[in-house]
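S.K.: Fold the stuff below for me.
(chains A, B, C and D)
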2 protein chains.
Amino acid sequence: MSKPATITDVARLAGVSITTVSRILNNKPDVAQATRQRVLDAIQQLNFTPHVQAQRLAAGKSQSIAVLYPSDSLGFTELEFEFFVGASQVATKAGFLFNLIVTPMNEQTLLNLYRSNQVDGVILMEVHLNDRRVAVLRERGYPFVLIGRCTENTGLSTIDLDFETAMLLACEHLYSLGHRHIGFTNLIGARAGYGPAIRSLWGYQRACEQFGIEPIYRELKPTIDELYRATEALLDEQPGMTAMITLHTGPLVGAIRAAQNRGLCVPDQFSIVGILSDQMAQFISPPLTAISFPAQLMGSRAAQMLIRKLQDADYEDKQVLLKPRLVIRDSTAPARTSER
Amino acid sequence: MSKPATITDVARLAGVSITTVSRILNNKPDVAQATRQRVLDAIQQLNFTPHVQAQRLAAGKSQSIAVLYPSDSLGFTELEFEFFVGASQVATKAGFLFNLIVTPMNEQTLLNLYRSNQVDGVILMEVHLNDRRVAVLRERGYPFVLIGRCTENTGLSTIDLDFETAMLLACEHLYSLGHRHIGFTNLIGARAGYGPAIRSLWGYQRACEQFGIEPIYRELKPTIDELYRATEALLDEQPGMTAMITLHTGPLVGAIRAAQNRGLCVPDQFSIVGILSDQMAQFISPPLTAISFPAQLMGSRAAQMLIRKLQDADYEDKQVLLKPRLVIRDSTAPARTSER
DNA sequence: TTGTAGGCGTTATCAA
DNA sequence: TTGATAACGCCTACAA
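M.R.: Sure, this is the predicted structure:
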């Protein structure tokens, strides 16, 4: 583990000044072809790589971004992984380091991230309508991007799935299959202002009005058991219910099981629509009719926006809202008009 | 976005030298109580946070670790997410930055990671029996930890699941249920020396000998379709086969489906055992009897080992091998002695 | 086209 | 118990 070569070593070996080496490293013009070659040779020979800490200190940038994913939030879903991979790929390609921080941060630690120059910018996940983190960062003018969005997003860079439309689509699909009693089990947190939860609820409510159907609504923690019990309860209370939409990714297996345990065959007697990744939708039996959640895309777009923002002084903030897409698989079928 | 305060500002405000402030920041002894308080007040007042780049440059450490997960490797499984979360939590708690790098690296870029001081150490995933990355890093004496292991691990820090024993357990379970024709669909890559694949194969082979049963073996890419087709093919070719073990996490749904499509009820007429996270095992229908894969634990243990190694000069390398645990759920049942 | 010199914000080594 | 001062490795005016 001998000490890595420094720019000084290179300069000495090539018989030039440090400045010249630096110029070449940073692709500045005004270097004689011969000199450049000599320096490049020296670099090669010494296996030299610039010391990033030093570069960053001198340049005043950290060249790294972080994703803040408070892991206590909602338990496992398959989506996170895709977000991370998408963002990490983009970051690496752009020469940025990608930090994943799953420990929840308070206002202080969040600001320190910037002040201490650990990161140039962050991607915030699990965003609420009134997110303190957003308020704090916005006020200080620190660069960041949201996966999700707030109530007031002017001047922010955001990327989100249009959950409201997603719910409309889902309801429409079921309605067109003849379903008139459609339940919706939402993520917990709508009241707390958790974006996806509250917007889905709005969408559901709008759909109910639009189609003239009666809402059947629950909020749950995203565990299989919860969804299992809730589904059973709903089936009991709502004998007329022939279909369900759920925002919970994995646990929605609980819903399927509960239905099946009641002797209800999915989809022949009971239809289910989810919102989840295409991957996961196919892992489930039966393969799920679902709004697909393009998590990897969202992760990479978020990273792109952030990095551009960091590099372009006059980058314009954008609020990207992805149009949801319904993929019909095997968990939905026409409603039996007779009874359930 | 006013410039953050520096140590100089603090020193000036407190009326002491930079050195003194530095001492206090680093909890050195020999500072008068009164001085300390004065400096702390100044720090508070200025909202000062040390500039990490500068600290790291001066100290010669980057205080960050990275996980190298080449994302082209095997496609999605739910396990990665858990690895990352586990490692990230530990890193943050220890004051380290956690970098996730999913872009595959060649020898050069890997070494540059160290030389450029981006990271102090890395956690390698997707390890092969003869892993070039390991050879390269070991030779240079750079600190790293493996999730997985090689053929020769002396002097390395590794953590791995004992796949060989896992396969023995799985076979034993099925054998004790009366199954005598047990198929095994492995991850592709055994021949290429991919650790989990090859060790599982060894375990399976040992189990077959031990129980005197005939191996029924396939290697596949981890997609639902592949596993679906392979299972169908196996069912055709091996009319006596009543059970299957598979190393593929999600796609094993394909196996279940194929069996069911043949009119084989799982588990009554066909048993399946997987190796996957407890989470995922429950997402699947029927809930899967499986060797549980403690990914989050492995991630955090790996990070712990690495960080200790970085901090303790005389840290002893350990090769940790986790004992597998079989959790019996609803995908295995006694073999029908009659026929399938 | 090239080099000199100062600075980035810390830590570490000596003196005082 | 404190404080100069020299690193750390690189970048960047400015000068030559």
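
S.K.: Where does the spatially most central residue of chain A sit: helix, strand or coil?
M.R.: Of all residues in chain A, the one closest to the mean position by CA atoms, centre = their mean is A:F83, 4.6 Å from it. The assignment at A:F83 comes out as helix when based on DSSP: H, G, I helix; E, B strand; the rest coil.

S.K.: got a pLDDT number for the closest residue to it other than its chain neighbours?
M.R.: For A:F83, the nearest residue in space outside its immediate sequence neighbours is A:G299; the separation is 3.9 Å by CB to CB, 6 or more residues apart in numbering or on different chains. C-beta here means a position set from N, CA and C on the backbone, and glycine is covered the same way. According to the predicted model, the pLDDT of A:G299 comes to 97.

S.K.: Am I right that A:G299 falls within a strand?
M.R.: No - according to three-state DSSP, the state of A:G299 is helix, so it is not within a strand.

S.K.: dump the residue contacts of it.
M.R.: By CB atoms under 8 Å, 6 or more residues apart in numbering or on different chains, the residues touching A:G299 are A:V67, A:E82, A:F83, A:F84, A:V85, A:G86, A:A87, A:S88, A:V90, A:I123, A:I147.

S.K.: Repeat that for A:C171.
M.R.: By CB under 8 Å, 6+ apart, the residues touching A:C171 are A:I182, A:G203, A:Y204, A:A207, A:C208, A:F211, A:I213, A:I245.

S.K.: I figured the third one hits A:P215, correct?
M.R.: Yes - counting by CB atoms under 8 Å, A:Y204 does reach A:P215; the two are 6.7 Å apart.

S.K.: elements contacting the helix or strand bottoming out on mean pLDDT in chain A?
M.R.: Of all helical and strand segments in chain A, the minimum by mean pLDDT, DSSP states H and E falls on helix A:278-283, at a mean of 84. Other helices and strands packing on helix A:278-283, by 3 or more CB pairs under 8 Å, 6 or more residues apart in numbering or on different chains; DSSP states H and E, are strand A:289-292.

S.K.: any idea how far A:L79 is from A:G155?
M.R.: To A:L79, A:G155 is 27 Å away according to CB to CB, to the nearest Å.

S.K.: ok, now A:T332?
M.R.: The value you get for A:T332 to A:L79, if CB to CB is used, is 22 Å.

S.K.: Let me see the contact set for the residue of chain A positioned farthest from its centre.
M.R.: Farthest-out residue of chain A from its mean C-alpha position, per CA atoms, centre = their mean: A:G15, at 50.3 Å. Residues near A:G15 by CB under 8 Å, 6+ apart: A:R38.

S.K.: got the residues of the stretch 51-200 of chain A near DNA strand D?
M.R.: Residues of the stretch 51-200 of chain A that fall close to DNA strand D, judged by CB under 7 Å from any atom of the strand: A:H51, A:A54, A:Q55, A:L57, A:A58, A:A59.

S.K.: residues contacting the residue of the stretch 101-250 of chain A found nearest DNA strand D?
M.R.: Taking CB to the nearest atom of the strand as the measure, the point where the stretch 101-250 of chain A comes nearest DNA strand D is A:N117, at 12.7 Å. Residues near A:N117 by CB under 8 Å, 6+ apart: A:R56, A:G60, A:S62, B:P4, B:H51, B:V52, B:Q53, B:A54.

S.K.: quick one, what contacts the fourth one?
M.R.: Shown here is B:P4, whose contacts under the criterion CB under 8 Å, 6+ apart are A:Y114, A:R115, A:S116, A:N117, B:N47, B:F48, B:T49, B:H51.

S.K.: and these near DNA strand C, which?
M.R.: Among the contacts of B:P4, the residues that sit close to DNA strand C (CB under 7 Å from any atom of the strand) are B:F48, B:T49, B:H51.

S.K.: domain assignment for chain A?
M.R.: Dividing chain A into domains by automatic domain parsing, as the record does, gives the ranges A:7-50, A:64-161+A:295-322, A:163-294+A:326-339.

S.K.: Make JSON lines out of those domains and add distance to B:P196.
M.R.: Written out in JSON lines, the entries for those read as follows (distance: least, CB to CB, whole Å):
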{"stretch": "domain A:7-50", "distance to B:P196": "33"}
{"stretch": "domain A:64-161+A:295-322", "distance to B:P196": "18"}
{"stretch": "domain A:163-294+A:326-339", "distance to B:P196": "20"}
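
S.K.: more crowded one of A:G155 and A:L79?
M.R.: Neighbours of A:G155 and A:L79, each counted by other CB atoms under 10 Å in any protein chain shown, are more numerous for A:L79; the result is 24 against 9.

S.K.: Look up phi and psi at the more buried one.
M.R.: The phi/psi pair for A:L79 (degrees, to the nearest 10) reads phi -70, psi -40.

S.K.: what pLDDT does it get?
M.R.: At A:L79, the predicted lDDT confidence score is 83.

S.K.: Next: A:R149.
M.R.: Here the pLDDT value assigned to A:R149 is 96.

S.K.: quick one: it from chain B, how far?
M.R.: Using CB to the nearest CB, to the nearest Å, one gets 22 Å for the distance from A:R149 to chain B.

S.K.: That residue reaches A:D162, doesn't it?
M.R.: No - if you go by CB under 8 Å, A:R149 and A:D162 don't touch, sitting 10.3 Å apart.

S.K.: So for these two, which sits in the more crowded spot?
M.R.: It is A:R149, of A:R149 and A:D162, that has more neighbours when counted by other CB under 10 Å, with 22 against 16.

S.K.: picking up where we left off before, neighbour-wise, which of the contacts of A:G299 leads?
M.R.: Scoring the contacts of A:G299 on neighbours with other CB under 10 Å, the highest-scoring entry is A:A87 at 32 neighbours.

S.K.: quick one: the helix or strand containing it to chain centroid distance?
M.R.: Under the assignment given by DSSP states H and E, the secondary-structure element containing A:A87 is helix A:79-93. When C-alpha coordinates are averaged (CA atoms, centre = their mean, to the nearest Å), helix A:79-93 and its chain have centres 9 Å apart.

S.K.: and the residue of the stretch 201-340 of chain A found nearest DNA strand C, how many neighbours does it have?
M.R.: Each residue of the stretch 201-340 of chain A has a distance to DNA strand C, by CB to the nearest atom of the strand, and the smallest belongs to A:L310, at 18.0 Å. Here the count is done by other CB under 10 Å, and A:L310 has 19 residues near it.
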